[in-house]
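[1] all I have is the shape, not the residue letters:
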């Protein structure tokens, strides 16, 4: 097992290097750079800038260096100094912005995940044990509609409903008085009030998908012979359900926790933009629009690493649950 | 015991016809049993038909607008006029904009003096079908024949779903948007499918270091979180290029990750089928690699691919909608459902004019129909169980 994990870690290193290269390349794709769009913006407002100043700035940031040199400066900064570069637009170090936003992103994602599992698994079990009942049909119907509704549409509809009912569209993660306040009990309670809408919005699609998987798995499991045997031997229905079939059908769900976490990271981006949450989504979106390349690149890179780590967790869980995988890899 | 092919009467019995049916016949029979999937197939057929002939089904052109009817609510189609007389031909009344003196909010009142009957398959606004066939016949139009000063028809305000803040008919825009939204999923999936079959096929058929290299590439591409990656790539589309090129870029971007999943599926099927005896026989008979792939391997798993495709199309449609919604996808003058929803982004607007949200239903119904269709196809793909 340890050998398997070590091996997986070793494979991760070149993968992450290639990812960092691709991320940097993608961020460099748009024509021009931050300074050209910044200058264009200033000129639109009627300001003129001394070309010499721009030239100096370009030199300072190394914007005219060849691509590989720029990449090397960027990646060596990250690896050796933990320095993700400078955000032109926010006049801040990118690492500070990432720090500030990432932990809220992770908090929202974790809450979403707990919500997803807490809702999907019990309903999935109910659906499977009461197949073709009204409850099952209702769950199936909502499952399909949930999968078909994109997150941001749900956000729009919920905002609309909240606006009509309360006159407040419940955007953001904190009330205005807490946004810049240090952490306190009050701030925490305030966040709990606001977090429900984003969690429901981000979690719905995942919940719907998970519900279908749980129901299908458990139905398959309940039809197996060991269940029939146990029932023939007089095992009670309750034990018959919880002792093995539910556990066995949870296997594929547990082992994909890593993937669903990264799915949530990715899925929360658009919702966060619509609901204006203080997570990575809006910052990255603005950075992409204004070509603030180190900021956008930093976030893309971090999110990709989180995905790789998620896959690693999934792989390890799978190997832990299913000995065939770890034996197969070692052979 | 020998297998009995015919019943004693010489006619195939029900059971016999099952054994004699070809794989395709079995699939069709099984698919027909899935009522929701059948219904979805018909519904999607209608949607695509409407999207193809959108100029005919819409009442208003893509770039036209009625400045005097901004933010108008859905028109009331009537059979009974203000005097209580019944008309067989439905009609709408002229509506006039009023302003509430206190709140200054605009609202519309009907003017029962001017009545526009609704005609079907009749002439209306001129258009060019697919950009080159001139025409002016629409499915329906409200007009007073010969009512204009120069003797031509006077078109009336018939907005089945209402209008947006520029006075554009939302019903027409949903239909024009359908052409982009529905086709982008299709085109994107076809690009992914071709890439997936070629790359996955190479990977699975040849194996060895080629397989390894391709698998690593796929793993790396899949490590990118999809939505942030799409955002980054769409931000790279230059701002001043023709809309058709934007459309092209968006499909490429959506296929950029889409092919990896298909390639993996193709590869695993190839590996499974590669060991079959009939492939070995074809090799011994001297078939070329390409011929084996084309005539022996691809048909072997094509039904599974179709299932995958029918489930990938809705994902692509949703992705396009999200991108356009954020202003990073399709740009006006061409429109898609995402572009329409972008206009519904402000809650205040939606609260005042809730009909702006109607494109949401178009998206949800389409995606649901594709999901049900995929479900039915999945059952049908394996007709022997």
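    Perfect, I can see it now. Quantities reported herein were computed from a predicted structural model and do not represent experimental measurements. Numbering: from 1, shown residues only, chains lettered A, B, ... in the order given.
[2] any low-confidence regions in the stretch 101-250 of chain B?
    For the stretch 101-250 of chain B, residues meeting the criterion pLDDT under 70 lie at B:147, B:151.
[3] the strands in it, which residues?
    Using DSSP state E, counting those that start in this stretch, the strands found in the stretch 101-250 of chain B span residues B:106-129, B:133-144, B:154-155.
[4] tell me the helices and strands packed up against the first one.
    Strand B:106-129 is packed against helix B:54-57, strand B:86-99, strand B:133-144, strand B:154-155, with contacts defined by 3 or more CB pairs under 8 Å, 6 or more residues apart in numbering or on different chains; DSSP states H and E. Every residue, glycine included, has its C-beta placed from N, CA and C.
[5] still on that earlier bit, would you convert the strands of the stretch 101-250 of chain B into a markdown table that also reports mean neighbour count?
    Shown next, in a markdown table, are these (neighbours: other CB atoms under 10 Å in any protein chain shown):
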| stretch | mean neighbour count |
| --- | --- |
| strand B:106-129 | 15 |
| strand B:133-144 | 16 |
| strand B:154-155 | 16 |
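[6] now render these as JSON lines, adding distance to residue A:220.
    Conversion of the strands of the stretch 101-250 of chain B to JSON lines gives the following (distance: least, CB to CB, whole Å):
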{"stretch": "strand B:106-129", "distance to residue A:220": "51"}
{"stretch": "strand B:133-144", "distance to residue A:220": "48"}
{"stretch": "strand B:154-155", "distance to residue A:220": "59"}
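[7] need the helices and strands packed on strand B:106-129 in JSON lines (columns: distance to residue B:79).
    Compiled in JSON lines, these are given as follows (distance: least, CB to CB, whole Å):
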{"stretch": "helix B:54-57", "distance to residue B:79": "23"}
{"stretch": "strand B:86-99", "distance to residue B:79": "6"}
{"stretch": "strand B:133-144", "distance to residue B:79": "14"}
{"stretch": "strand B:154-155", "distance to residue B:79": "21"}
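[8] C-terminal to whatever helix or strand residue A:193 lives in, what's the next element?
    In this assignment (DSSP states H and E), residue A:193 forms part of helix A:185-222. Counting by DSSP H and E, the next helix or strand C-terminal to helix A:185-222 is helix A:225-232.
[9] next, the buried residues of the top helix by length along chain B.
    Determined from DSSP state H, the single longest helix within chain B is helix B:170-206. Buried positions in helix B:170-206, judged by neighbour count with 16 or more other CB atoms under 10 Å in any protein chain shown: B:170-185, B:187-189, B:191-193, B:195-197, B:199-205.
[10] hang on, the earlier thing: could you pull up the mean pLDDT of the helix holding residue A:193?
    For helix A:185-222, mean pLDDT rounds to 83.
[11] tell me the angle it makes with helix A:225-232.
    Interaxial angle, helix A:185-222 versus helix A:225-232 (axes from the mean of the first three to the mean of the last three CA atoms, to 10 degrees): 90 degrees.
[12] one step back: is the longest helix of chain B anywhere near chain A?
    No - for helix B:170-206, no contact with chain A is found by CB under 8 Å from any CB of the partner chain; the gap never falls below 12.1 Å.
[13] could you give the angle of that helix to strand B:106-129?
    50 degrees.
[14] what packs against helix B:170-206?
    Looks like helix B:170-206 contacts helix B:35-52, helix B:54-57, helix B:208-223, helix B:243-274, helix B:298-325, helix B:337-342, helix B:359-381 (3+ CB pairs under 8 Å, 6+ apart).
[15] tell me which residue lies nearest the centroid of the chain.
    I'll assume chain A. With distances taken as CA atoms, centre = their mean, residue A:265 lies nearest the centre of chain A, 0.6 Å away.
[16] actually, chain B is the one I wanted.
    Centrality entry for chain B: nearest residue to the mean C-alpha point is residue B:182, 2.3 Å, by CA atoms, centre = their mean.
[17] what's the closest non-adjacent residue to that one?
    Nearest non-adjacent residue to residue B:182, counting by CB to CB, 6 or more residues apart in numbering or on different chains: residue B:51, 4.8 Å away.
[18] near the one you found, how many residues? Count them for me, please.
    Around residue B:51 there are 18 other residues, counting by other CB atoms under 10 Å in any protein chain shown.
[19] which residues touch it?
    Neighbour list for residue B:51: B:175, B:178-179, B:182-183 [criterion: CB atoms under 8 Å, 6 or more residues apart in numbering or on different chains].
[20] please name the nearest non-neighbouring residue to residue A:316.
    residue A:5 (6.0 Å).
[21] kindly report the same for residue B:348.
    The shortest distance from residue B:348 to any non-neighbouring residue, by CB to CB, 6+ apart, is to residue A:163 (7.7 Å).
[22] wait, that neighbour sits on residue B:347?
    Yes - in this structure residue A:163 lies within contact range of residue B:347 using CB atoms under 8 Å: 4.8 Å.
[23] which of those two has more residues huddled nearby?
    Higher neighbour count among residue A:163 and residue B:347: residue B:347, with 20 against 17, using other CB under 10 Å.
[24] could you pull up phi and psi at that one?
    With angles defined as degrees, to the nearest 10, residue B:347 sits at phi -60, psi -40.
[25] correct me if wrong: it contacts residue A:158.
    No - if you go by CB under 8 Å, residue B:347 and residue A:158 don't touch, sitting 10.0 Å apart.
[26] quick check: buried residues in stretch B:360-373?
    Buried residues in stretch B:360-373, counted by 16+ other CB under 10 Å: B:360, B:362-364, B:366-373.
[27] make JSON lines from those residues and add pLDDT and distance to chain A to it.
    What follows is these, written out as JSON lines (pLDDT from 0 to 100; distance: CB to the nearest CB, whole Å):
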{"residue": "B:360", "pLDDT": "85", "distance to chain A": "5"}
{"residue": "B:362", "pLDDT": "88", "distance to chain A": "11"}
{"residue": "B:363", "pLDDT": "88", "distance to chain A": "7"}
{"residue": "B:364", "pLDDT": "88", "distance to chain A": "5"}
{"residue": "B:366", "pLDDT": "91", "distance to chain A": "8"}
{"residue": "B:367", "pLDDT": "89", "distance to chain A": "4"}
{"residue": "B:368", "pLDDT": "88", "distance to chain A": "4"}
{"residue": "B:369", "pLDDT": "89", "distance to chain A": "9"}
{"residue": "B:370", "pLDDT": "88", "distance to chain A": "8"}
{"residue": "B:371", "pLDDT": "85", "distance to chain A": "6"}
{"residue": "B:372", "pLDDT": "85", "distance to chain A": "7"}
{"residue": "B:373", "pLDDT": "86", "distance to chain A": "12"}
